[in-house]
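S.K.: Quick one: sequence plus predicted model below, questions after.
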Amino acid sequence: MEISREVKLLIDKYNFKASKRLGQNFLVSSSALNFIVEAINPSKDESYIEIGPGFAFLTRNIAQFSKHIYAIELDKRFVQFYEENPIPNVSFILADALTVDFNQFDASEIYGNIPYYITSELIMKVAKSKLSRAVFLVQDEFAKRLVSNIKTKDYGSITVFAKFFFEVKFHKRFPPNFFIPRPDVYSSLIELKRIREFRDTYQGFLQFVHKAFNRRRKKLLTTLSEFYNFDFSKIFKDLGLNENVRPEDVSADEFFAIYSLFEKLNTEP
């Protein structure tokens, strides 16, 4: 049976209406589902965290190739469905993914179809966890921001954050008709592979970058000097950075180099 028909039957059976508030759009394309499973490439030796399992179509496909899945669902209306349709190696957890401690699970990877309103916060939460890899289906607009390069309009603080902690890879775009209800935008599958572990000392760096992009059209040197009441000219000179650069002209590694030198000079007696 086609997924779209199965989803419609389940919606009727459980008298279920997708929540706009929760950003619910159910994937109903078999080809897209198969592509996502291939991108995740599950292993019997690994456990996974899934965000927003919904009617568990992706969950079942991943479960048959994995050790265990911790499927976190915010919508309590799915309780009856999960009770009536258990999966042996899946733990359905009714909770808000943004408040759950991912490190409590013996999982090394995370995946899911992510509502737009939690995407940035979720990626930062993953960065701060011990998880080594994430495969997320997100709004295409957000995917463009994650994979964008310097000197482009989509390049911003979330780009810097993501590329500082992960190798970011774009996989594929999916059209609106692959979902029920049909969204107004395309969705894209992205992969985040960890390249740097989070340390508490990085929290100041994240705030530093956020402030820099608060005034993205101004020169970075001017913005930082005003925010921190510190002359960054010497730092820019030492790093070979043009004093006229704007935030979108600076890579994640360059941002960290600026921050590291600032921290050093600002704390010296």
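M.R.: Cool, got the structure. Residues are numbered from 1 along each chain as shown.
S.K.: For Val135, which residues are in contact?
M.R.: Contacts for Val135 (Cβ atoms under 8 Å, 6 or more residues apart in numbering) come out as 36, 39-40, 109-111, 171, 189-192. For every residue, glycine as well, the C-beta is placed using N, CA and C.
S.K.: Could you dump the residues you listed into JSON lines with neighbour count, secondary structure and distance to Lys163 added?
M.R.: Formatted as JSON lines, the contacts of Val135 follow (neighbours: other Cβ atoms under 10 Å; DSSP: H, G, I helix; E, B strand; the rest coil; distance: Cβ to Cβ, whole Å):
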{"residue": "Ile36", "neighbour count": "24", "secondary structure": "helix", "distance to Lys163": "23"}
{"residue": "Ala39", "neighbour count": "16", "secondary structure": "helix", "distance to Lys163": "19"}
{"residue": "Ile40", "neighbour count": "24", "secondary structure": "helix", "distance to Lys163": "21"}
{"residue": "Glu109", "neighbour count": "23", "secondary structure": "strand", "distance to Lys163": "19"}
{"residue": "Ile110", "neighbour count": "26", "secondary structure": "strand", "distance to Lys163": "18"}
{"residue": "Tyr111", "neighbour count": "25", "secondary structure": "strand", "distance to Lys163": "20"}
{"residue": "His171", "neighbour count": "16", "secondary structure": "strand", "distance to Lys163": "17"}
{"residue": "Leu189", "neighbour count": "22", "secondary structure": "strand", "distance to Lys163": "18"}
{"residue": "Ile190", "neighbour count": "26", "secondary structure": "strand", "distance to Lys163": "12"}
{"residue": "Glu191", "neighbour count": "17", "secondary structure": "strand", "distance to Lys163": "13"}
{"residue": "Leu192", "neighbour count": "24", "secondary structure": "strand", "distance to Lys163": "10"}
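S.K.: List of residues touching the helix-or-strand element of the chain with minimal mean pLDDT?
M.R.: None of the helices or strands of the chain scores lower by mean pLDDT, DSSP states H and E than helix 3-13, at a mean of 88. For helix 3-13, the external contacting residues (Cβ under 8 Å, 6+ apart) are 16-18, 26-30, 33, 55, 57, 81, 180.
S.K.: Give me the below-cutoff pLDDT ranges for this protein.
M.R.: Residue ranges of the chain with pLDDT under 70: 1, 268-269.
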